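1. the amino acid sequence is not available; the structure is as follows:
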Ligand SMILES: NC(=O)C1=CN([C@@H]2O[C@H](COP(=O)(O)OP(=O)(O)OC[C@H]3O[C@@H](n4cnc5c(N)ncnc54)[C@H](OP(=O)(O)O)[C@@H]3O)[C@@H](O)[C@H]2O)C=CC1
Ligand SMILES: CC(=O)[C@@H](O)[C@H](O)COP(=O)(O)O
Ligand SMILES: [Mn+2]
């Protein structure tokens, strides 16, 4: 029985992870649940799974949780606050930590999980974007496995089973193109939050859905792929594939291309990460190749969707720049979702923050926390200028 900690259990990946666990009660036990503010949903998860430990990072939400669970879930120890959330990642007896929390907040708990010897089912791509070198090195030193949950990276992982890294010619990273595929800047000036959140193929949390529309998500995934598979940026080619059926492909040195296909459903990569190296039966939707329409592929428009170009620039520069890129994006996306800026302003905020804060070398983890804070402050100052 694998003992799991699910960090970010109330979100899109977190709830789908729990769905996978419900279907395999013989394989998994939920030892730890952790989330941030969604106390109502979290309380019902705690009642259902009765973990040993349940943590809400947000103190006010933790207060509400205690009231909700008064006289219930007696076997579960409750805790609240940011430090408790990080400590939950190192809970004794846990075999695998699912990092389904959002954004830079994933870095410290992921590192804690690695350093306490837990395998990682990694959904939180921002952690690898800001600290890929450090995370991969610590994982190797601590003898833990990082199993990708992100659909494209799970596809690479499946395509690479039994292959040598040196045989990789290119990683072909597929991209839906988001809700605005084919549109030009002038058509995006007044894009509404509802239009941005209308992803054509995936149902996900709000932040990643905005990132998909701007192609920042694909940029984050380029950097994530670089660290997971140890390739050069020149070996990662983004291919727009609007149907989201081919989840990604690997081109090998002999000219062969291996692809992983499936219906767009995150439960499959989540289950694969949780059960690897075995495959477990599932009732997830099957592809019907007799009914399938065309699978199409195109080149991304990086002049309109500048998020991808910024990511390659940040990734190639290295050092603190990917952290700067990520922080500026997180600030801009939150402001866009609050209705404070236009969709295209996200690009300007990233661009200006990246040019104001050139890459510095990362010598310690604290360099990244300092850069995240400084870049957020700079990006937030751009919002105040009344864009
Ligand atoms: N959704 C998807 O299909 C995919 C997601 N991913 C990645 O997975 C991660 C999660 O995405 P998704 O599930 O969509 O996001 P959601 O917004 O749906 O969920 C985010 C989760 O993180 C928690 N959270 C948010 N902020 C904090 C914080 N500061 N400290 C601790 N916990 C926090 C939320 O808690 P609460 O709700 O209680 O506030 C919630 O449980 C992201 O990194 C995303 O890029 C990758 C591939 C696909
Ligand atoms: C489901 C998943 O893995 C997302 O990261 C997905 O890739 C988003 O789709 P885009 O290709 O539109 O960014
Ligand atoms: Mn993805």
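-> Happy to help now that I have it. In this text, all values refer to a predicted model and were calculated from it rather than measured experimentally. Ligands and ions are numbered 1, 2, ... in the order given.
2. near ligand 2, which residues of the stretch 101-250 of the chain show up?
-> Contacts of the stretch 101-250 of the chain with ligand 2, taken as CB under 6 Å from any ligand atom, map to 150-152, 175-176, 178, 202, 208, 212, 217-218. In this view, the C-beta of every residue, glycine as well, is placed from N, C-alpha and C.
3. farthest-apart pair in those, please.
-> 150 and 178 (15.8 Å; CB to CB).
4. can you list the residues of the stretch 101-250 of the chain near ligand 1?
-> Checking the stretch 101-250 of the chain against ligand 1 by CB under 6 Å from any ligand atom, the hits are 101-102, 105, 123-126, 150, 202, 204-205, 207-208.
5. how much space between residue 73 and residue 9?
-> Applying CB to CB, to the nearest Å, the value for residue 73 to residue 9 is 14 Å.
6. between the two, tell me which one has more neighbours.
-> Neighbours were counted for residue 73 and for residue 9 using other CB atoms under 10 Å; residue 9 has more, 28 against 19.
7. which residues does the residue of the chain found nearest ligand 1 contact?
-> In the chain, the residue found nearest to ligand 1 is residue 11; the distance is 1.9 Å by CB to the nearest ligand atom. Neighbour list for residue 11: 35, 100-102, 205 [criterion: CB atoms under 8 Å, 6 or more residues apart in numbering].
8. can you turn the buried part of those into a PyMOL selection?
-> Here is the PyMOL selection string for the buried members of the contacts of residue 11, based on 16 or more other CB atoms under 10 Å:
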select buried, resi 35+100+101+102
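9. closest to ligand 2 among the contacts of residue 11?
-> Nearest member of those to ligand 2, counting by CB to the nearest ligand atom, is residue 205, at 10.1 Å.
10. now do the closest one, the pLDDT please.
-> We note a pLDDT of 98 for residue 205 in this prediction.
11. residue 170 sits in which helix or strand?
-> Assessed by DSSP states H and E, residue 170 sits inside strand 168-175.
12. that strand and ligand 3, any residue contact?
-> No. Under the criterion of CB under 5 Å from the ion, strand 168-175 makes no contact with ligand 3; the nearest approach is 8.7 Å.
13. show me the contact partners of the following helix or strand past that strand.
-> Counting by DSSP H and E, the element after strand 168-175 in chain order, helix or strand, is helix 185-188. Contacts to helix 185-188, defined as CB under 8 Å, 6+ apart, come from residues 180, 304, 343-344.
14. which parts of whichever helix or strand comes after helix 185-188 are buried?
-> Counting by DSSP H and E, the element after helix 185-188 in chain order, helix or strand, is helix 193-196. By 16+ other CB under 10 Å, the buried positions in helix 193-196 come out as residue 196.
15. then stretch 259-266?
-> Those would be 259-260, 262, 264-266, for stretch 259-266 by 16+ other CB under 10 Å.
16. thinking again about what came up before, now the contacts of residue 11 in a markdown table, with secondary structure?
-> Below are the contacts of residue 11 laid out as a markdown table (DSSP: H, G, I helix; E, B strand; the rest coil):
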| residue | secondary structure |
| --- | --- |
| 35 | strand |
| 100 | coil |
| 101 | coil |
| 102 | coil |
| 205 | coil |
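17. check which helix or strand covers residue 381.
-> helix 365-384.
18. is ligand 1 contacted by that helix?
-> No. Judged by CB under 6 Å from any ligand atom, helix 365-384 stays clear of ligand 1, getting no closer than 12.1 Å.
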